[in-house]
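>>> Whatever this is, show me its structure:
(one chain, ligands or ions: 1)
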Amino acid sequence: MNKLEQLYEGKAKKVFATDDPTLCIVSYKDDATAFNGQKKGTILGKGAINNRLTNYFMKLLEDKGIPTHFVEELSDTDTVVKKVTIVPLEVIIRNISAGSFAQRFGVEEGIVFSEPTIEFSYKCDELNDPLMNAYHAVALKLATWDEIDTIKKYAFAVNDALKEFWSSVGVTLVDFKLEFGKLPDGTIILADEISPDTARLWDSKTGEKLDKDRFRRDLGGVEDAYQEVLRRVLGK
Ligand code: TMP
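Below is the predicted model:
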């Protein structure tokens, strides 16, 4: 399958058309940004690691009955996916307090919740991805109630599967962000990526951060953390 024209360039990925109108090619970049693009850098090898990890998890989730956009890995950094219209919501699941949750509510990081939480933000860079509830999303016709229900059901099922997987390789899944897409017939499927760019992953024994917070917070050892995550997954 060949890459035709570029359809979109995001902060961490490019999307290309293919000769099949129902499929696209996603190409993962080493570029890293934080704080809505205000902080920019490169994480060497990140594109290839995130491509591999995302595809590993998409396959795992398909096996658990969650429909995804994954079709076929083409190379280190490139993957064929189903063409979808992205629902403009960032869907965030949290198992432990961290990041913007800890800041917003003035609590420390590391509080283990008895149940996971879900939140949405409106995917809009100009507005800095504002927090949004389901009523707002329905009012603005970003999604219907049925779509919100499906998204919630899949997001919690993804959490159950990923929490169990990460725990089996000595990693605590703190929180993560998902994006969903719509096929032309209206079916909702999981899209985007699942990687240390979009999740908080803490070593279960030491609490060491193995994710993009190392870049966001200038903690050093960024490349090593991504490599370590890949090693744990491939060692499985
Ligand atoms: P937050 O605590 O900064 O809201 O982040 C929650 C989770 O979402 C965390 O795992 C990182 C991920 N995330 C993204 O994937 N993209 C983003 O733009 C942001 C802000 C967070």
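>>> Check the offset of stretch 129-146 from the chain's centre.
In terms of Cα atoms, centre = their mean, to the nearest Å, the centre of stretch 129-146 is found 19 Å from the chain centre.
>>> gap between the two ends of that stretch?
Stretch 129-146 has an end-to-end distance of 23 Å (Cα to Cα, to the nearest Å).
>>> Touching it from outside, list them.
By Cβ atoms under 8 Å, 6 or more residues apart in numbering, the surrounding residues in contact with stretch 129-146 are 36, 87-90, 119-124, 148, 151. Every residue, glycine included, has its C-beta placed from N, CA and C.
>>> Go through those residues and say which is closest to residue 53.
When the contacts of stretch 129-146 are compared for distance to residue 53 (Cβ to Cβ), residue 90 comes out closest, at 18.7 Å.
>>> Give me the mean pLDDT for stretch 87-107.
The average pLDDT within stretch 87-107 is 98.
>>> which ones are touching whichever residue of the chain sits closest to the ligand?
In the chain, the residue that lies nearest the ligand is residue 99 (2.2 Å; Cβ to the nearest ligand atom). Going by Cβ under 8 Å, 6+ apart, residue 99 touches 109, 175, 200, 213.
>>> related to what we said a few turns ago, can you flag the buried ones in the contacts of stretch 129-146?
Of the members of the contacts of stretch 129-146, the ones counted as buried by neighbours, 16 or more other Cβ atoms under 10 Å, are 87-90, 119-123, 148, 151.
>>> Dump these to CSV, plus distance to the ligand and secondary structure.
CSV is the format used below for the buried ones among the contacts of stretch 129-146 (distance: Cβ to the nearest ligand atom, whole Å; DSSP: H, G, I helix; E, B strand; the rest coil):
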residue, distance to the ligand, secondary structure
87, 15, coil
88, 13, coil
89, 12, strand
90, 6, strand
119, 8, strand
120, 11, strand
121, 8, strand
122, 12, strand
123, 9, coil
148, 19, helix
151, 15, helix
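>>> Keep only those of the contacts of residue 99 that are in helices.
residue 213 (DSSP state H).
>>> What about the ligand: which of the contacts of residue 99 touch it?
175, 200 (Cβ under 6 Å from any ligand atom).
>>> any chance of the contacts of residue 99 in a markdown table, plus neighbour count?
Listed next are those as a markdown table, based on neighbours: other Cβ atoms under 10 Å:
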| residue | neighbour count |
| --- | --- |
| 109 | 16 |
| 175 | 23 |
| 200 | 22 |
| 213 | 21 |
